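> Provided below are the primary sequence and the corresponding predicted coordinates.
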Amino acid sequence: MSVYQLKSRFQTILRPLVRFLAARGVTANQVTLVAAAVSVALGLFLSLAPHPLWFLLVPIWFLLRMGLNAIDGMLAREHGQKSLLGAYLNEISDIISDAALYLPFALIDQTGMLPALAVIFLSALTEFAGVLGQAVGASRRYDGPLGKSDRAALFGALGIFVALGGTFAAWTPWFWAAVALLLLWTIVNRVRAGIREAQTSAG
């Protein structure tokens, strides 16, 4: 089970807004770039945030960003805005945005920085594994258990924890280790699913 499976319901809610934006000339690429710019700006701000309470912005922005990600996809698919540039922007901006938003958590506890940075790396590798599905003749893979939407829920909850005064301690390396294992599991699932789908299509 993955949060990604709720995407279709989310899109149904957003469809009237997407029609409104399309009618006013807003493009999918514009939405993609705005989401990435705000993500990077927020990540930099939180890295220097003077008070933990600012981390409440994390779950709020992740929810808004999920909406923007759905909107740019719907503009592309349903309003004739698909483009090769848009495909590149969508994947690259997601990886950059995730790294920027996860980085402040790595900086909270210097002793746990390396495990947290490993999680950032594995998150990027997870999305790379998903994109590679298309390279082998399968679809873009979104398999869990820790895809982008699931990570948004996880780090959103972590942001609330920090904002409410929670502190990283001896358990922190174990937390990052558990997240890393889930990411490795996700990578394996995406590779297997991509190979299986490609073989089925070819056979």
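Perfect, I can see it now. Numbers count the residues shown, from 1 in each chain.

> all helices for this protein, in order.
In the chain, the helices defined using DSSP state H lie at 7-23, 28-47, 57-78, 84-108, 113-135, 148-163, 172-202.

> quick one: average pLDDT of the third one?
Same thing as helix 57-78. Mean per-residue pLDDT for helix 57-78: 94.

> other SSEs contacting the helix or strand of the chain with the lowest mean pLDDT?
Ranking every helix and strand in the chain by mean pLDDT, DSSP states H and E puts helix 7-23 at the bottom, with a mean of 88. Counting contacts by 3 or more Cβ pairs under 8 Å, 6 or more residues apart in numbering; DSSP states H and E, helix 7-23 is packed against helix 57-78. Bear in mind the C-beta positions are built from the backbone N, C-alpha and C, glycine included.

> tell me the buried residues in the helix it packs on?
Neighbour-count burial for helix 57-78, with 16 or more other Cβ atoms under 10 Å as criterion, is recorded at 57-59, 61-62, 65-76.

> quick check, central residue of this protein?
Residue closest to the mean C-alpha point of the chain, counted by Cα atoms, centre = their mean, is Lys148 at 3.5 Å.

> check which residues of stretch 137-146 are buried.
By 16+ other Cβ under 10 Å, the buried positions in stretch 137-146 come out as Ala138, Arg141, Tyr142, Asp143, Gly144, Leu146.

> quick one: the third one and Ala129 touch, right?
This points to Tyr142. No: the criterion here is Cβ atoms under 8 Å, and Tyr142 misses it with Ala129 at 10.7 Å.

> report the angle between the least confident helix or strand of the chain and helix 148-163.
90 degrees (axes from the mean of the first three to the mean of the last three Cα atoms, to 10 degrees).

> can you give me how far helix 7-23 is from the chain middle?
For helix 7-23, the separation from the chain centroid amounts to 19 Å (computed by Cα atoms, centre = their mean, to the nearest Å).

> go on, stretch 11-25?
In terms of Cα atoms, centre = their mean, the centre of stretch 11-25 is set 22 Å apart from its chain centre.
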